[in-house]
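Chemist: curious how this folds, go ahead:
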Amino acid sequence: MSDKKIKVLYVDDEENNLISFKANFRIKYQVYTALSGEEAIKILDQKEIDIIITDQRMPHMTGVEFLESIIPKHPDPMRILLTGYADMSAVVDAVNKGKIFHYLSKPWDEDELDITITRAYDVLNKKREIEVMNKKLETSNDQLEFMLRQKLLS
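Modeler: Got it, this is the predicted structure:
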């Protein structure tokens, strides 16, 4: 990993959880916090976020609804869902609709969450590398096609 800190957005309606998360991870990661899905969307519109961690049970918008709503505009960040409830339908929805990378139960374990963030970031970097390679390949194909057309015309 480079010197660049992983940018993590943690969304939870319980302010104590946000404070605890920031206290535990602010040195290792660049941490952003939001008390609601609406507040988180504003942050996503302003910052490039690598990892999104959200609580499932929040007023106005569940974690799954929040994750699902941001996919069209912010498809890249890796998504982690936290919930204190053994709610299997929320987990299934999160996987199917919210495109989550991982599900963890609350209260979260600091080491497990740290490992999950690191794994998610590794997957994100692999996706980014593949995108760069695909763009290079696309350019190479365009150049090759152009050269073949030139050859056929001459």
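Chemist: packing partners of the lengthiest helix in the chain?
Modeler: The helix that spans the most residues within the chain, counting by DSSP state H, is helix 110-153. Packing contacts for helix 110-153, counted by 3 or more Cβ pairs under 8 Å, 6 or more residues apart in numbering; DSSP states H and E, involve helix 15-25, strand 51-55, strand 78-83, strand 102-105. In this view, the C-beta of every residue, glycine as well, is placed from N, C-alpha and C.
Chemist: show me what the helix or strand that the second one is followed by is packed against.
Modeler: Looking back up the chat, that one is strand 51-55. Remark: after strand 51-55, the chain's next helix or strand is helix 63-70, criterion DSSP states H and E. Contacts defined by 3+ Cβ pairs under 8 Å, 6+ apart place helix 63-70 against helix 37-46, strand 51-55, strand 78-83, helix 88-96.
Chemist: elements contacting the shortest one?
Modeler: Packing contacts for strand 51-55, counted by 3+ Cβ pairs under 8 Å, 6+ apart, involve strand 7-11, helix 37-46, helix 63-70, strand 78-83, helix 110-153.
Chemist: quick one: the last one to strand 7-11, angle?
Modeler: With axes from the mean of the first three to the mean of the last three Cα atoms, to 10 degrees as the criterion, the two stretches helix 110-153 and strand 7-11 enclose an angle of 120 degrees.
Chemist: now distance to residue 144 too, for the helices and strands packed on helix 110-153, in CSV please.
Modeler: Converted to CSV, those look like this (distance: least, Cβ to Cβ, whole Å):
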stretch, distance to residue 144
helix 15-25, 47
strand 51-55, 38
strand 78-83, 34
strand 102-105, 40
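Chemist: could you identify which of those is most buried?
Modeler: Mean neighbour count, computed with mean count of other Cβ atoms under 10 Å, is highest for strand 51-55 among the helices and strands packed on helix 110-153, reaching a mean of 26.
Chemist: nice, that's everything, thank you.
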